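Visitor: Sequence and computational prediction follow.
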Amino acid sequence: MYEELNKDPNNIGLCESTSLMISSILEKEGIWNYQVFGRVRIGFSADLKLRSILPSSPPFDDGHVWVVAPPFGVIDLTIKHQHYKDRIQDYLPDKIMYETPHFYAFDSDIKRLHFPTYNVLHNKNVEVTYLIDTIIKNINSLTSSSKGMYNLNGKDLLEIYNDLIYPKLH
């Protein structure tokens, strides 16, 4: 699916629809998952002389959406496909699939579970931090009624599944 997203350089800022598509495809394949809405921080080494991107700064000032499907705490195909300045995307990974043993943390001071923060080190120069705010579980089932939903490069969700995903899995 990343290859389809990457075909058109204008596929920018599609984290919500892309995550919904990924989540729907995983659900169709019987893989439990959910989407999250959260914040992202990107830090760069001093050698790169780039300013960090804070969760309150563009392109993440409106938040970001990714998928969680154990063992992956982060499945993000759109991290490189955002409205960045200064060619920042050149330093970012194509996609992030981060495995974690922890999907929640326990705060003993307040005796509550909370979502962890995931620090994903891409290389020695880039660290991407994911902070979960809200769980979204609005899965659309993939059926013939899915025709026309969530278009990516002229292909709808059902076409992407039938033409690109299903043949690779079966």
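Guide: Happy to help now that I have it.
Visitor: For the closest residue to residue 165 other than its chain neighbours, list the residues it contacts.
Guide: In space, and not counting its chain neighbours, residue 165 is closest to residue 25: 5.5 Å by C-beta to C-beta, 6 or more residues apart in numbering. (Each C-beta comes from the backbone N, C-alpha and C, glycine too.) Applying C-beta atoms under 8 Å, 6 or more residues apart in numbering to residue 25 gives the contacts 1, 142, 157, 160, 161, 165.
Visitor: Next secondary structure element downstream of the helix or strand bottoming out on mean pLDDT in the chain?
Guide: Counting by mean pLDDT, DSSP states H and E, the chain has its least confident helix or strand at strand 112-114, which shows a mean of 62. Sequence-wise, the next helix or strand downstream of strand 112-114 (DSSP states H and E) is strand 117-123.
Visitor: Start from the N-terminal end of this protein and give the strands.
Guide: Secondary structure of the chain, counting by DSSP state E: strands at 34-44, 64-69, 72-76, 96-99, 105-107, 112-114, 117-123, 126-136.
Visitor: Out of those, which is closest to residue 86?
Guide: strand 34-44 (10.3 Å; C-beta to C-beta).
Visitor: Can you name the residues bridging to the nearest residue to residue 67 once chain neighbours are set aside?
Guide: Leaving aside its sequence neighbours, residue 67 sits nearest to residue 75 (C-beta to C-beta, 6+ apart; 4.2 Å). For residue 75, the beta-bridge partners under DSSP bridges are residue 67, residue 97.
Visitor: give me the low-pLDDT residue ranges for the chain?
Guide: Scanning the chain for pLDDT under 70 picks out the ranges 102-107, 110-116, 137-151.
Visitor: Quick one: residues contacting the most centrally placed residue in it.
Guide: For the chain, residue 76 is the residue whose C-alpha lies nearest the centre (C-alpha atoms, centre = their mean; 2.4 Å). By C-beta under 8 Å, 6+ apart, the contact list for residue 76 reads 15, 19, 64, 66, 67, 95, 96, 97, 130.
Visitor: What's the PyMOL syntax to select whichever of those are buried?
Guide: Selection of buried members from the contacts of residue 76 for PyMOL, criterion 16 or more other C-beta atoms under 10 Å:
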select buried, resi 15+19+64+66+67+95+96+130
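Visitor: Serialize the contacts of residue 76 to TSV and add fields for distance to residue 48.
Guide: Shown next, in TSV, are these (distance: C-beta to C-beta, whole Å):
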residue	distance to residue 48
15	24
19	28
64	21
66	24
67	28
95	21
96	18
97	23
130	20
